[in-house]
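> Next input, structure requested:
(one chain, ligands or ions: 1)
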Amino acid sequence: MSLLLEGLTVLDGTGAALFAPLDLCVAPGEVASITGPSGVGKSTLLAAVGGHLAPDFRLRGRVLLEGRDMAGLPPERRGIGVLFQEAVLFPHLSVADNLAFGLTPRIRGRAARRAAVAQALEQAGLGGMGPRDPATLSGGQRARAALMRTLLAEPRAVLLDEPFSGLDPARREGIRAFVLATIREAGIPALLVTHDREDAVAAAGPVVALG
Ligand SMILES: Nc1ncnc2c1ncn2[C@@H]1O[C@H](COP(=O)(O)OP(=O)(O)OP(=O)(O)O)[C@@H](O)[C@H]1O
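All right, here's what the predicted structure looks like:
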């Protein structure tokens, strides 16, 4: 269940490496932090792992998830979940339908699917908010809903690109604790891009400084 990066870097259009080749093993439930100055290639590294690199870029090295080489696999076949800074929920769907959207096809039948969504909402402290319009949620509530939507797909790894930076400082710590605990509990490896040293300390996993 580990995520393994072997000699991984990204080459730009001129063939230059954005950062030194990286070796990293992230164990199940572990959150590795990716830090470094703006523009060094942190988001691009996540894109390389997720399989959605921009056409100008090329990956060098290997990404192995549960021992499987991800080379050539499109993003939707990797089973890797992503969570970005702006917790984007579909505005035309209710909060519950947003969560149901990502729900793994492994859970079948209307009642079972509805129960899984209700349980996830409860777990995220959003019990009873299922019918609401996402626009009526706070930033923190949206962040928690977006995390649950990502996890309901039962990804085999998760990529987090500064998921806490848009949040109210007063709420940030609580939401970070929730996100980290939920990933640990789900037992999947995660990469967290952050500018904040405290995020890396809280994540308590390996720290990779790019650049
Ligand atoms: N789609 C793209 N096409 C071409 N170049 C890009 C593209 N996306 C990013 N870049 C360039 O690639 C480099 C790495 O960008 P990236 O967004 O990965 O950096 P970052 O470390 O995540 O930065 P920040 O901390 O500011 O978010 C930058 O020089 C950027 O301008």
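
> From now on I want contacts and neighbour counts done on CA atoms only, so please keep to that.
Will do.

> So in the protein, which helix runs the longest?
The helix that spans the most residues within the chain, counting by DSSP state H, is helix 169-186.

> State the next helix or strand along the chain beyond that helix.
Counting by DSSP states H and E, the element after helix 169-186 in chain order, helix or strand, is strand 190-193.

> Would you mind pulling the contact partners of that following strand?
Contacts with strand 190-193, where a contact means CA atoms under 8 Å, 6 or more residues apart in numbering, come from 26, 29-35, 42-43, 46, 157-162, 183.

> likewise stretch 150-166?
Counting contacts by CA under 8 Å, 6+ apart, the residues touching stretch 150-166 from outside are 1, 3, 43, 46, 50, 65, 79-87, 99-100, 102-104, 117, 120, 139, 143, 172, 175-176, 186, 188-195.

> so which of these also contact the ligand?
Restricting the contacts of stretch 150-166 to those within reach of the ligand (CA under 6 Å from any ligand atom) leaves S43.

> Which parts of this structure are helices?
Along the chain, the segments classed as helices by DSSP H run 42-50, 95-102, 110-123, 139-152, 169-186, 197-203.

> I'd like these as TSV, with mean neighbour count, distance to A209 and mean pLDDT appended.
Listed next are these as TSV, based on neighbours: other CA atoms under 10 Å; distance: least, CA to CA, whole Å; pLDDT from 0 to 100:
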stretch	mean neighbour count	distance to A209	mean pLDDT
helix 42-50	23	9	96
helix 95-102	22	32	94
helix 110-123	16	33	95
helix 139-152	23	25	91
helix 169-186	16	20	90
helix 197-203	16	11	94
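
> Need those in CSV (columns: distance to P74).
Formatted as CSV, the entries for those read as follows, by distance: least, CA to CA, whole Å:
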stretch, distance to P74
helix 42-50, 8
helix 95-102, 17
helix 110-123, 26
helix 139-152, 18
helix 169-186, 23
helix 197-203, 28
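
> L11: which of those is closest?
helix 42-50 (10.1 Å; CA to CA).

> Need the contact partners of that closest one.
With CA under 8 Å, 6+ apart, helix 42-50 has contacts from 9-10, 34-36, 53, 59, 63, 75, 78, 80, 82, 159, 161, 191, 193, 210.
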